[in-house]
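Trainee: how would this look folded up:
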Amino acid sequence: MIATAFIMLIILGIQAPPLILYRKWWDLAVFLAFWSGATTYTLLVVARAGIPTPTEIITAMVNLAFRLIPGN
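Mentor: Below is the predicted model of the structure:
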């Protein structure tokens with residue numbers, strides 16, 4: 001788990017400085033949002049927290065959408 005966290009920090013260290021240097025604040029905000037989500041998900045998977053896979057989440061969302069459509 002420590003190695004995974006270290007790798008995610010390396011990714012942050014490589015990607016963030018140019019965005020800060022060139023003052024691309026919107027790009028930095030979007031990158032940090034995606035990076036935070038990816039880091040959280042990755043650490044939960046490595047910790048074996050028992051979270052559902054992305055496929056299970058997508059399937060559940062599609063099933064919910066079909067149930068919300070009238071006539072189905």
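Trainee: May I see the buried residues of stretch 57-67?
Mentor: Going by neighbour count (16 or more other C-beta atoms under 10 Å), nothing in stretch 57-67 comes out as buried. From N, CA and C alone the C-beta is placed, and that goes for glycine too.
Trainee: chain center to it, what's the gap?
Mentor: Relative to the mean C-alpha coordinate of its chain, stretch 57-67 is positioned 20 Å out (C-alpha atoms, centre = their mean, to the nearest Å).
Trainee: got it, and stretch 23-33?
Mentor: The answer for stretch 23-33 is 15 Å, by C-alpha atoms, centre = their mean.
Trainee: who touches that stretch?
Mentor: 15-16, 19-20 (C-beta atoms under 8 Å, 6 or more residues apart in numbering).
Trainee: can we see that at 6 Å?
Mentor: When contacts are defined by C-beta atoms under 6 Å, 6 or more residues apart in numbering, stretch 23-33 is touched by residues Leu19.
Trainee: Next: stretch 45-61.
Mentor: Contacts of stretch 45-61 (C-beta under 6 Å, 6+ apart): 1, 4, 44.
Trainee: low pLDDT regions in the protein?
Mentor: 72 (pLDDT under 70).
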